[in-house]
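Asks: sharing a model prediction with you, sequence too.
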Amino acid sequence: MNDEAFTKKGFLISTDQSLLDMDVIYNYLDKDSYWSKGVPFDRLERAVKNSLSFGVYHNKTQIGFARVITDTATFAYLADVFILPDYRRQGLSKWLVQTIMVHPDLQGLRRWSLATADAHGLYAQFGFSEITHPERWMQIYTPYKVED
C-alpha cells in the first residue's frame, strides 16, 4: 500500500504508520468512544497494523484517526473514525473521510461498509446509506469486557 500525505490549513493526514501515536488512539477508543471501550491495547495495536490507517496531525501531534479494513480490491470497512474534542467543528472529520475515499488503494471497490450511532449525516455526504436487505447480513458480536 502507498504511504500518502495530505496537508490543509496546518493539518496533516498521513497513512505513514510510523507517525501514529498508539497511546492517543488507544486512550480515545478505550475511554471516550462508545464503540470500543475495553479494547485491549495489544489487540488494538494489531488491528491498526493490519489496516490502512489514517492519522490526523496538528503540529506533529496526533489529533484524529481512522482505519480501513480492506482487501483493496472489492471491499472496505471504515472503522474507528475520530477527531479529538478540542479539534472538532473545523471540518476535519469531513476532510478525513474525503481523503480516505480518494485514496488510490481504495478505488474501484464494490462495497464499503461502516457502523455509526451518530454520524449518519457525515457519511451520507459520501454516498453511504442504510444497508439494503439487512436480512442478508449476519454477525457474530462478542463485546470487550469493560471493567467498572
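Replies: Looks like it arrived, so ask away.
Asks: now the residue most central in space within the chain, nearest residue through space, not along the chain?
Replies: Geometric centre of the chain, nearest residue: A66, 2.2 Å, by CA atoms, centre = their mean. Nearest non-adjacent residue to A66, counting by CB to CB, 6 or more residues apart in numbering: V81, 4.2 Å away. Any C-beta I mention is one placed from the backbone N, CA and C, and that applies to glycine too.
Asks: I'd like the next helix or strand past the helix or strand hosting the one you found.
Replies: Secondary-structure element containing V81, defined by DSSP states H and E: strand 75-83. Moving toward the C-terminus from strand 75-83, the first helix or strand encountered (DSSP H and E) is helix 92-101.
Asks: any idea which helix or strand comes after that following helix?
Replies: strand 111-113.
Asks: for that following strand, the averaged confidence score.
Replies: The average pLDDT within strand 111-113 is 95.
Asks: low-confidence bits of the protein, can you list those?
Replies: Applying pLDDT under 70 to the chain picks out residues 1-6, 146-148.
Asks: which stretches of this structure form strands?
Replies: All strands of the chain, identified by DSSP state E, fall at 5-8, 11-14, 52-58, 61-70, 75-83, 111-113.
Asks: if we can go back for a sec, Y77 is in contact with the residue nearest to the centre of the chain, correct?
Replies: No - using CB atoms under 8 Å, A66 is not in contact with Y77, being 11.1 Å away.
Asks: still on that earlier bit, so which elements touch the strand holding V81?
Replies: Contacts defined by 3 or more CB pairs under 8 Å, 6 or more residues apart in numbering; DSSP states H and E place strand 75-83 against strand 61-70, helix 92-101, strand 111-113.
Asks: just checking: what are the partner strands of that strand?
Replies: When pairs are called by DSSP bridges, strand 75-83 turns out to pair with strand 61-70 (antiparallel), strand 111-113 (parallel).
Asks: quick one: that strand to helix 92-101, angle?
Replies: Going by axes from the mean of the first three to the mean of the last three CA atoms, to 10 degrees, strand 75-83 is angled at 160 degrees with respect to helix 92-101.
Asks: mind listing what's buried in strand 75-83?
Replies: A76, L78, A79, D80, V81, F82, I83 (16 or more other CB atoms under 10 Å).
Asks: farthest-separated two in these?
Replies: Checking the buried residues of strand 75-83 against each other with CB to CB, the farthest-apart pair comes out as A76 and I83, at 20.1 Å.
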